[in-house]
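[1] any chance you could fold what I've pasted below:
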Amino acid sequence: MGMTIAEKILAAKSGNRQVRPDDLVTVDVDTTVVIDNNCMPSQWRDILKLADPDKIIVVFDHRAPASTTASAAAHRTGREFVKKFGIKRFHDIGGRQGIAHQLVADHGYALPGGVLLCGDSHTCSAGVFNCLARGVGTPDVIFAAVTGKAWFKVGKTVRYELKGSLSNVVTAKDAFLQIAGVWGDHATMNVEYGGPGIASLNINARKTLTTMSAELSAEFATFEPDDVMMDWVRARNPAPFEPVYPDADAVYHDVREVDLSMLEPLVAFPDSVVENSQPVSAAAGTKVDQAFIGSCANGTLDDLALAAQVLKGKSVSSETRLIITPASQNVYREAVKLGIVDILLEAGAVITPATCGACGGGSMGVLGPNETCITATTRNFKGRMGDASARIFMASPATVAASAIRGVITDPREFIN
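    Numbering: from 1, shown residues only. As a prediction, this is how the structure comes out:
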């Protein structure tokens, strides 16, 4: 019997000829990403050695720039750690700033066939590059940094066979909401994306799918390799790699087809994305106090450009605030060069530095009591973005931008076709 992409990588990295679901494996870790949350006083433990400093990346993203003394202390600890071990791949506050998962994409830090760990649950984002990427707790981050190892239980794999292509107004976020709404929870399982439809999706769109797979409770999310992905990595990282394809006779828990051409704009209703999405018409007219576009899932240049397409020549409602957070300073700079930022500012949006920000309720857009937000981010559970009484609807950047104009949840097809 053949193996899936996840199984083949776990086998290769653990020195096994073959692995099967429920096997326990210890694997070699190629890259460990340490974020500022790991450096918080309650989490950090003094590290006396590293397996290989060149396999470590340090990123300040959840608390950047620091908004509390504890966050500032965490950044100081992180800087001392970088100096102590001479870590070269360091993203401090400034021009190299950004959300860790976007920086992995910007710089080609994830290589096909590799294993990447980070102390954030949306680390599966990097699976767009045909690798195994997983969010783990701080103890596992430190263990991987010190030993170069990690262990996993092999999960079953669900394959999503994508076909067709998305229309201009329908996005990969809508495709994810369709998957989450129809098939629900994927706990203990891996997700593998493939099929002819991936050819119509660029890297940013694919990355939205792998990033959001964390909300399915998936263990790993991977994409089948193709030239688009391999060219992206080679343009950013000269290191050699071997793409990993599923075996023709791979055994899947299930194979499910998604026709991208048949999708429409969707909205996840408050408190969950699992089995909780409906057509935007079901929420249309709901007043929103805040509209937010950003995060590792939807803070890409494409996302900002789509929002600008909706907002061009329009104004944000006086009853609504629109906050936009680029996922990295690289994205921010490109958006400035292309005139996207000017369009967003003219419409009345606030553009923040590249950070996790309001996505996790950390800063720059925290919700108050009984407020309603429509967000193009990663999560919408109760209390995620601020006060526990706030309601959070999730949608694509196009739907969020359209809703900001009207001040109520609005179908983006009102503004673009």
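
[2] neighbouring strands for the host helix or strand of Thr222, and are they parallel or not?
    Taking DSSP states H and E as the definition, Thr222 sits inside strand 221-223. Within its sheet, strand 221-223 is paired with strand 190-194 (parallel), according to DSSP bridges.

[3] the partner strand: how far from the chain's middle?
    15 Å (Cα atoms, centre = their mean, to the nearest Å).

[4] what's in contact with it?
    4-6, 155-162, 206, 209-210, 213, 216, 218-224, 246, 252 (Cβ atoms under 8 Å, 6 or more residues apart in numbering). Where C-beta positions appear, they are placed from N, C-alpha and C, glycine not excepted.

[5] recalculate using a threshold of 7 Å.
    Residues from elsewhere that reach strand 190-194, judged by Cβ atoms under 7 Å, 6 or more residues apart in numbering: 4-6, 155, 157-162, 209, 213, 216, 218-224, 246.

[6] name the next helix or strand downstream of it, please.
    Moving toward the C-terminus from strand 190-194, the next element (DSSP H and E) is helix 203-212.

[7] just the element for the closest residue to Ser67 other than its chain neighbours, please.
    Computed as Cβ to Cβ, 6 or more residues apart in numbering, the closest residue to Ser67 that is not its neighbour in sequence is Ser363, at 4.6 Å. For Ser363, there is no enclosing helix or strand under DSSP H and E.

[8] state the distance from Ser363 to Lys337.
    Going from Ser363 to Lys337 by Cβ to Cβ, to the nearest Å gives 26 Å.

[9] out of these two, which sits in the more crowded spot?
    Between Ser363 and Lys337, counted using other Cβ atoms under 10 Å, Ser363 has the larger neighbour count: 20 against 9.

[10] pLDDT wise, what is Gly360 at?
    Looking at Gly360, its pLDDT reads 89.

[11] what sits closest to it if chain neighbours are left out?
    His62 (6.4 Å).

[12] mind pulling up the pLDDT for that neighbour?
    Per the predicted model, pLDDT is 94 at His62.

[13] what residues are up against it?
    35-37, 356, 360, 362.

[14] mind running it again at 8 Å?
    35-37, 120, 355-356, 360, 362.

[15] so it, which state does it fall into?
    His62 falls in the coil class when you classify it by DSSP: H, G, I helix; E, B strand; the rest coil.

[16] if I look at it, how far off is Thr355?
    8 Å.

[17] now do the shared contacts for those two.
    With Cβ under 8 Å, 6+ apart as the test, His62 and Thr355 both reach Gly362.

[18] hang on, the earlier thing: touching the strand holding Thr222 from outside, list them.
    5-6, 9, 124, 127-132, 190-194, 198, 206, 209-210, 213-214, 229.

[19] go on, stretch 93-100?
    Around stretch 93-100, the neighbours that count as contacts under Cβ under 8 Å, 6+ apart are 33, 35, 57, 59-61, 64-66, 75, 90-91, 103, 106, 118, 120, 123, 295-296, 299, 326-331, 353-356.

[20] remind me, longest helix of the protein?
    helix 69-85 (DSSP state H).

[21] quick one on the thing from earlier: let me see the mean pLDDT of the strand holding Thr222.
    98.

[22] give me the subset of the contacts of His62 lying in strands.
    Ile35 (DSSP state E).

[23] which of the contacts of His62 lies closest to Lys83?
    Asp36 (15.8 Å; Cβ to Cβ).

[24] so how far is Met229 from that closest one?
    29 Å.

[25] compare the two (neighbour count), which wins?
    Taking neighbours as other Cβ under 10 Å, Asp36 and Met229 compare with Asp36 leading, 25 against 20.

[26] double-check that one against Asp61; I have them as touching.
    Yes: Asp36 lies in contact with Asp61 (Cβ atoms under 8 Å); the separation is 6.6 Å.

[27] please report how far Pro21 lies from Arg256.
    Taken as Cβ to Cβ, the span from Pro21 to Arg256 is 18 Å.

[28] tell me which of those two has more neighbours.
    Set Pro21 next to Arg256 and count neighbours by other Cβ under 10 Å: Pro21 wins out with 17 against 13.

[29] quick one: that one is in a strand?
    No: counting by three-state DSSP, Pro21 is located in no strand; its state is coil.

[30] do you know the pLDDT at it?
    Per-residue confidence (pLDDT) for Pro21: 98.

[31] neighbours around the closest residue to it other than its chain neighbours, how many?
    The shortest distance from Pro21 to any non-neighbouring residue, by Cβ to Cβ, 6+ apart, is to Lys156 (4.6 Å). Around Lys156 there are 19 other residues, counting by other Cβ under 10 Å.

[32] what do you get for the one 3 residues further on?
    When neighbours are defined as other Cβ under 10 Å, Arg159 has 23 of them.

[33] how far out from the middle of the chain is whichever strand or helix holds it?
    In this assignment (DSSP H and E), Arg159 forms part of strand 157-163. When distances are taken as Cα atoms, centre = their mean, strand 157-163 is centred 19 Å away from the chain's centroid.

[34] helices or strands up against it?
    Secondary-structure packing of strand 157-163 (3 or more Cβ pairs under 8 Å, 6 or more residues apart in numbering; DSSP states H and E): helix 5-14, helix 172-183, strand 190-194, strand 254-259.

[35] show residues contacting stretch 76-87.
    Residues outside stretch 76-87 that contact it (Cβ under 8 Å, 6+ apart) are 34, 36, 39, 41, 44, 47, 50, 53, 56-58, 60, 90, 92.

[36] repeat that with 7 Å
    Against stretch 76-87 from outside (Cβ under 7 Å, 6+ apart): 36, 39, 44, 47, 50, 53, 56, 58, 60, 90, 92.

[37] just after whichever strand or helix holds Ala144, pick out the following helix or strand.
    In the assignment (DSSP H and E), Ala144 maps to helix 138-147. Heading C-terminal from helix 138-147, the first helix or strand you meet, by DSSP H and E, is strand 149-153.
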